[in-house]
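**Student:** 3D model of this:
(chains A and B)
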Amino acid sequence: GQQLNQSPQSMFIQEGEDVSMNCTSSSIFNTWLWYKQEPGEGPVLLIALYKAGELTSNGRLTAQFGITRKDSFLNISASIPSDVGIYFCAGQLPLGYGQNFVFGPGTRLSVLP
Amino acid sequence: ETGVTQTPRHLVMGMTNKKSLKCEQHLGHNAMYWYKQSAKKPLELMFVYNFKEQTENNSVPSRFSPECPNSSHLFLHLHTLQPEDSALYLCASSRAAQGVQETQYFGPGTRLLVL
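**Tutor:** Modelled structure (predicted):
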């Protein structure tokens, strides 16, 4: 079935550093979603991307929908301790491709003060 | 607040118990989903309901039984579970399943422990 690969699997950064993570697949997606999950909570939507090439920001977060429609990246600028969590990407497959949303395994982010 | 609530937040049950998880969405959506999240694994889709009709059962064992009485409420009935069923159970909703430019919104989850 369709799979999403996320990299890196985990990262440790210093407070104030910028962060970049990405999500890739061999399949084409119509929508890319980025979520953040903190311990004991459900994933919270950060950014939704609906068009190839689209670049969208939400505060210090910026995400882009790859022009091939097979990848997306998320950048966090000037990281702070509350950025700690697991970041998931999710892609919505075109109609007729079975399971509509596919989730990546997540990137675990740790921010050192 | 994402507009999706789940109760209870935590549940401990024995293997012979019967319990139910509840999900409610206040977003006016028509599709609702159950996911299982185990440690160090990607989210596993369990069930999808679209306009109250079940459209997907992702080979889930029959000891999990979903119910969707209306577009705003979704239940997951549990009976004779196994310890390996311990996980975080997440509910999500979207405007429609397999719609165009859909976005899923998640509840906070129910942390289930089966003893």
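**Student:** Flag every residue of chain A that's near chain B.
**Tutor:** Residues of chain A that fall close to chain B, judged by Cβ under 8 Å from any Cβ of the partner chain: A:4, A:30-31, A:33, A:35, A:40-45, A:48, A:50, A:88, A:90, A:92, A:95, A:99-101, A:103-106. From N, CA and C alone the C-beta is placed, and that goes for glycine too.
**Student:** for the chain, where's the lowest mean pLDDT among helices and strands?
**Tutor:** Let's take chain A. Lowest by mean pLDDT, DSSP states H and E among the helices and strands of chain A is strand A:101-103, with a mean of 89.
**Student:** wrong one, chain B
**Tutor:** Of chain B's SSEs (mean pLDDT, DSSP H and E), minimum confidence goes to strand B:53-57, a mean of 86.
**Student:** How far does stretch B:36-47 stretch from one end to the other?
**Tutor:** One end of stretch B:36-47 to the other measures 10 Å (Cα to Cα, to the nearest Å).
**Student:** Now it: buried residues?
**Tutor:** B:36, B:37, B:42, B:43, B:45, B:46, B:47 (16 or more other Cβ atoms under 10 Å in any protein chain shown).
**Student:** Also stretch B:62-81?
**Tutor:** B:64, B:66, B:68, B:71, B:72, B:73, B:74, B:75, B:76, B:78, B:81.
**Student:** The residue most central in space within chain B sits in which helix or strand?
**Tutor:** The centroid of chain B falls nearest to residue B:34 when counting by Cα atoms, centre = their mean (2.7 Å). Per DSSP states H and E: residue B:34 is located in strand B:31-37.
**Student:** ok, is the very next helix or strand once past that strand in contact with chain A or not?
**Tutor:** Counting by DSSP H and E, the next helix or strand C-terminal to strand B:31-37 is strand B:44-50. Yes. Strand B:44-50 lies within reach of chain A by Cβ under 8 Å from any Cβ, at B:45, B:48.
**Student:** just checking, what packs against strand B:44-50?
**Tutor:** strand B:31-37, strand B:53-57, strand B:64-70, strand B:73-79 (3 or more Cβ pairs under 8 Å, 6 or more residues apart in numbering or on different chains; DSSP states H and E).
**Student:** For those, which has the smallest mean pLDDT value?
**Tutor:** Least confident of the helices and strands packed on strand B:44-50, judged by mean pLDDT, is strand B:53-57 with a mean of 86.
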